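A.B. asks: got a sequence here, can you build the structure:
(6 chains)
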6 protein chains.
Amino acid sequence: MSVYDEILPSLITATPAAGRELAIKIARKTIAAIQPDADIRTKLRPDYAEDTSKLMQAGQIVAIEFQTIAAANNYWRK
Amino acid sequence: MSVYDEILPSLITATPAAGRELAIKIARKTIAAIQPDADIRTKLRPDYAEDTSKLMQAGQIVAIEFQTIAAANNYWRK
Amino acid sequence: MSVYDEILPSLITATPAAGRELAIKIARKTIAAIQPDADIRTKLRPDYAEDTSKLMQAGQIVAIEFQTIAAANNYWRK
Amino acid sequence: MSVYDEILPSLITATPAAGRELAIKIARKTIAAIQPDADIRTKLRPDYAEDTSKLMQAGQIVAIEFQTIAAANNYWRK
Amino acid sequence: MSVYDEILPSLITATPAAGRELAIKIARKTIAAIQPDADIRTKLRPDYAEDTSKLMQAGQIVAIEFQTIAAANNYWRK
Amino acid sequence: MSVYDEILPSLITATPAAGRELAIKIARKTIAAIQPDADIRTKLRPDYAEDTSKLMQAGQIVAIEFQTIAAANNYWRK
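C.D. replies: So this is what the prediction gives:
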C-alpha cells in the first residue's frame, strides 16, 4: 500500500494542464508522506502561504515533477 | 477545470522566445495555484521585486520550466 | 557491501506509486549513509517535521530521485 | 513581442563558449523580465557582486540554462 | 593528474547500489577538490552532521550525481 | 570573444575524471564572468572555503555541469 496509489495510477494525462495538476498533487502527497499528520500540515499552511521564497520553493518542486510527467507523456506531441 | 487550461493548451511554441514567455507564465500560474488569493500575491510583489536572491530563485524556476518546453519543441531545430 | 544493497537491487518497480516509494527510500538511505548514527537522525526528526522549508527540501530530493526512477522504468508506459 | 526576441532567435550557437554566453544572456534577461526596472537592477548589483552564495546562485542558473542549450546543439559534437 | 583519477575510471558500475556509492564518492571528492585541506574538511564535519538542512543539501547533490550515473549505466536495465 | 574560449573549445574529454575537472573549470569561469574582478573573487575565498553550505552549493553546480558534460561524452561508454 502506498499513499500514492490513489493519485498515481499512471503518469499519463490527457493534457499538459492535467499534467501540471498531477505534478502539484504528487508534490503535495510527498509532503504528506514525509509528514503524515494532516493537522500539522494544515497548521503549517500560513507559514508558506504568504512567504515568497517558500511559495517559489514549492513552485520549483512542481517544475521538477512536471519535467518527469511531460517526458512520460512525450510532451503531449500530436 | 485547471488554472492552466487557458495558458497551457500545449507546450509547443513557434519560437524559443515564445517558449521563454510560456515558461514564465506557467511558473507564475503555479504560484497562483498554490496561493490563489491575487491580493496576497500582489502584496508579496515588493518582497521579491528588489531582492536579488528571490529574483534569482524565480529565474531558476523559469530555467527549469524552459528545459521542459525546449525539449517539447525539439529545441526548435530547423 | 553498501547500505543500499537491501533497498536497491534494481530501479525497476511495478508501478509509479512504487517508484515514488523507492525514491523516498533511497533519499532517506542517503541521509543515513551520510549520517550513520540512527539516534542522531531520530533526534533530528522534530527539526524538519514541522518546518515547511525543510519538508519541501526533502520533497525536492524525492522529485529528483523520482526523475531517475521514472526514466529507468520508461515512465511505466504500457 | 518578447524581451527575448532580440537575444533568442535560436538556441543554436557555433561553439560551446558561445552557448555559455547565451546561457548567461537568457538568465540575465529573465531577471529583467521579472524586474523590468533597469535602475532597480543596477541598484541591486552590489548586493550580489561580492556575495559568494548569490554569485553561486547565479552560477547554478547558468549551469541549468546551459544544459538546455547544450542539448539543443547536440553538445556541438563533430 | 586529477583528484578524480583514482575513484572515477568510469561511470559504469555493476549495480544501482554501487552507482549510489559512486555518486557519494564523487560528491565528496568534489568538496575535496574545492577545499583540498583535509583538516579543514574534518573540522567542518560537526557543522553538517547534525544539521537537517545541510544533510539534505548533501542528499540532493548525491541525487543529481546519481541521475548522471544511472543514465550512464542505462539504468542497469537487464 | 568569450571568457570561455580558452577553457571550452569542446565538451568532449578523454575520461570522466577530465570531465569533472572541466565541470569545475566552467563553474569557476562562470563566477568570473559574473564577477570579473579577480581581487574581489580572491577576497571572497575565505567566505566559502570553510562554510559547509557554500562548499556544497559549489558542489551542486559542479554536479549539474557534469551532467551536461557526461551526456556530451555519451558517458564515456566503451
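
A.B. asks: do any residues in the lengthiest helix in chain A lie close to chain F?
C.D. replies: The residue-count maximum for a helix in chain A (DSSP state H) belongs to helix A:52-72. No: figure legend: helix A:52-72 not in contact with chain F (C-beta under 8 Å from any C-beta of the partner chain); closest approach 12.8 Å. The way it works is simple: take the backbone N, C-alpha and C, and place the C-beta from them, glycine included.

A.B. asks: helices or strands next to that helix in the packing?
C.D. replies: helix A:16-34, helix A:38-49, helix B:16-34, helix B:38-49, helix B:52-72, helix C:52-72 (3 or more C-beta pairs under 8 Å, 6 or more residues apart in numbering or on different chains; DSSP states H and E).

A.B. asks: with mean neighbour count added, can I get those helices in a markdown table?
C.D. replies: What follows is the helices and strands packed on helix A:52-72, written out as a markdown table (neighbours: other C-beta atoms under 10 Å in any protein chain shown):
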| stretch | mean neighbour count |
| --- | --- |
| helix A:16-34 | 22 |
| helix A:38-49 | 13 |
| helix B:16-34 | 22 |
| helix B:38-49 | 13 |
| helix B:52-72 | 23 |
| helix C:52-72 | 23 |
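
A.B. asks: for E:Q57, find the nearest of these.
C.D. replies: Taking C-beta to C-beta, helix C:52-72 is the member of those nearest to E:Q57, at 7.8 Å.

A.B. asks: quick one: the closest one to helix A:38-49, angle?
C.D. replies: Interaxial angle of helix C:52-72 relative to helix A:38-49 (axes from the mean of the first three to the mean of the last three C-alpha atoms, to 10 degrees): 100 degrees.

A.B. asks: just how off-centre is helix C:52-72 within its chain?
C.D. replies: Here helix C:52-72 is found 7 Å from its chain centre; the criterion is C-alpha atoms, centre = their mean, to the nearest Å.

A.B. asks: just want the angle from it to helix E:16-34.
C.D. replies: Angle, helix C:52-72 to helix E:16-34, by the same axes, to 10 degrees: 130 degrees.

A.B. asks: I'd like the average pLDDT over helix C:52-72.
C.D. replies: For helix C:52-72, the mean pLDDT works out to 98.

A.B. asks: do the same with stretch A:28-44
C.D. replies: Per-residue scores along stretch A:28-44 average to 96.

A.B. asks: is any part of that stretch close to chain E?
C.D. replies: No: using C-beta under 8 Å from any C-beta, stretch A:28-44 never reaches chain E; the gap is at least 11.0 Å.

A.B. asks: what comes into contact with that stretch?
C.D. replies: The contact list for stretch A:28-44, computed with C-beta atoms under 8 Å, 6 or more residues apart in numbering or on different chains, reads A:3-4, A:7-8, C:20, C:24, C:49-50, C:52, C:55-56, C:58-59, C:62-63.

A.B. asks: how about the helices and strands packed on helix A:52-72, which one is nearest E:I69?
C.D. replies: Per C-beta to C-beta, nearest to E:I69 of those: helix C:52-72, 9.2 Å.

A.B. asks: hey, C-alpha coordinates of the closest one in CSV?
C.D. replies: Extracted as CSV, the C-alpha positions of helix C:52-72 are listed here (Å, rounded to 0.1, in the frame of the first residue of the first chain):
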residue,chain,number,x,y,z
THR,C,52,7.8,24.0,5.8
SER,C,53,11.1,24.8,4.1
LYS,C,54,12.8,21.7,5.3
LEU,C,55,9.8,19.5,4.4
MET,C,56,9.9,21.0,0.9
GLN,C,57,13.7,20.5,0.7
ALA,C,58,13.0,16.8,1.3
GLY,C,59,10.2,16.9,-1.3
GLN,C,60,12.6,18.3,-3.9
ILE,C,61,15.1,15.5,-3.3
VAL,C,62,12.3,12.9,-3.8
ALA,C,63,11.3,14.7,-7.0
ILE,C,64,14.8,14.4,-8.4
GLU,C,65,15.2,10.8,-7.3
PHE,C,66,11.8,10.0,-8.9
GLN,C,67,13.0,11.6,-12.2
THR,C,68,15.8,9.0,-12.3
ILE,C,69,13.5,6.1,-11.4
ALA,C,70,10.7,7.1,-13.8
ALA,C,71,13.3,7.3,-16.7
ALA,C,72,14.6,3.8,-15.6
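
A.B. asks: the residue nearest to A:A27 when sequence neighbours are not counted and chain E, how far apart?
C.D. replies: Nearest residue to A:A27, sequence neighbours excluded (C-beta to C-beta, 6 or more residues apart in numbering or on different chains): A:I61, at 4.7 Å. Note on A:I61: its distance to chain E, by C-beta to the nearest C-beta, to the nearest Å, is 12 Å.
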